[in-house]
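[1] This is a predicted model, with the sequence first.
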Amino acid sequence: MSAPVTATPVLELRGVRKSFDRVDVLKGIDLSVHEHEVVVVIGASGSGKSTLLRVTNLIERVSDGQVLLAGEDITDPRVKVDRVRARIGVVFQHFNLFPHMTVMDNVTLAARKVHGWSRADAEAKGAELLTRIGLAAKIKDYPDRLSGGQQQRVAIIRALLTDPELLLLDEITSALDPQLVGEVLDLVRELKGAGSTILMATHEMSFAREAANRVVFMHDGLILEQGEPDAFFDAPREAQTREFLARVAHR
């Protein structure tokens, strides 16, 4: 069940626009994500999914509109970007682990350097989470000793370590071999069960149907349609949605 809409959203985008070199990539996005809700964004390549996540984490600045995190306008130029990013966990399709650091050092770096945790506290929490996902034996290994699926799970644990208010997942399985996709999505299922608030861009339609509270379809920089998974996939209203779903079903 989604959180009640009367609650202040964890994330709210109001009329968000983003242009690059006069090319409009986001054309007026209105979207809310409530506490404990998993919102999955789907759409063709170039529809604006990744840009949507990047403006949410202030990697890219909006051209117009507002992004609110727990009611705070984080697009206000006076906002301290690092403080905002410390409240949001982000995982991208490429693992972005530091190759010269062990798994434990990768997982705990932000907690120690950004959040000011002691090494002992950060490593205790890191060991707990890595053990929970079956990687206790890999704590002292370097990333090149891990499979792609293991590296991506480490990246997710790194994003989770400091209990972020919002977790952004951007096509986290697209760089993985098919046999490794399942283990990463299993972890996301666990996060949903634990009550994480997640905004996720993915091309895994069966996962979106199973795990999302709400599915959002982006087309040409706009949110064209959204709804609860069964209604969305069984009876899409828009012609572009039907065309997209038919296309991905036959891949």
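    Now that the structure is in, tell me what you want to look at.
[2] Now do the same contact list for R214.
    Contacts for R214 were tallied using Cβ atoms under 8 Å, 6 or more residues apart in numbering; they are 2, 37-40, 226-229. Using the backbone N, CA and C atoms, a C-beta is placed for each residue, glycine as well.
[3] Any chance of the residues you listed in CSV with pLDDT as columns?
    CSV is the format used below for those (pLDDT from 0 to 100):
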residue, pLDDT
S2, 44
E37, 96
V38, 95
V39, 97
V40, 96
Q226, 96
G227, 96
E228, 96
P229, 95
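[4] Tell me the secondary structure at L168.
    strand (DSSP: H, G, I helix; E, B strand; the rest coil).
[5] Quickly list what it is bridged to.
    V90, L199 (DSSP bridges).
[6] just checking, it touches L53?
    Yes: using Cβ atoms under 8 Å, L168 makes contact with L53 at a distance of 4.9 Å.
[7] shared neighbours of these two, which are they?
    90, 199.
[8] What ranges does the stretch 51-200 of the chain have for its strands?
    When assigned using DSSP state E, counting those that start in this stretch, the strands of the stretch 51-200 of the chain occupy the ranges 64-69, 72-73, 88-91, 166-170, 198-201.
[9] Just send the ones you listed back as a markdown table, with mean neighbour count and distance to H219 too.
    Converted to a markdown table, the strands of the stretch 51-200 of the chain look like this (neighbours: other Cβ atoms under 10 Å; distance: least, Cβ to Cβ, whole Å):
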| stretch | mean neighbour count | distance to H219 |
| --- | --- | --- |
| strand 64-69 | 18 | 18 |
| strand 72-73 | 12 | 27 |
| strand 88-91 | 23 | 24 |
| strand 166-170 | 23 | 18 |
| strand 198-201 | 25 | 14 |
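[10] Ok, which of those comes nearest T102?
    When those are ranked by proximity to T102, the top entry is strand 88-91, at 19.0 Å, counting by Cβ to Cβ.
[11] helices or strands next to that closest one in the packing?
    helix 148-160, strand 166-170 (3 or more Cβ pairs under 8 Å, 6 or more residues apart in numbering; DSSP states H and E).
[12] what about that strand, distance to the chain center?
    Averaged C-alpha coordinates place strand 88-91 at 6 Å from its chain's average position (Cα atoms, centre = their mean, to the nearest Å).
[13] Other residues contacting it?
    With contact meaning Cβ under 8 Å, 6+ apart, strand 88-91 is reached by 53, 56-57, 69, 152, 155-156, 159-160, 162, 164-170, 172.
[14] Repeat the analysis, applying 7 Å as the threshold.
    57, 155-156, 159-160, 164-170, 172 (Cβ atoms under 7 Å, 6 or more residues apart in numbering).
[15] export that strand as PDB, just CAs?
    Output of strand 88-91 as PDB, limited to C-alpha atoms (Å, rounded to 0.1, in the frame of the first residue of the first chain):
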ATOM      1  CA  ILE A  88      19.700  10.800  -0.500                       C
ATOM      2  CA  GLY A  89      21.200   7.500  -1.500                       C
ATOM      3  CA  VAL A  90      22.000   7.000  -5.200                       C
ATOM      4  CA  VAL A  91      22.900   3.900  -7.200                       C
END
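[16] for it, what is the average pLDDT?
    For strand 88-91, mean pLDDT rounds to 93.
[17] Likewise for stretch 23-36?
    Average pLDDT, stretch 23-36: 96.
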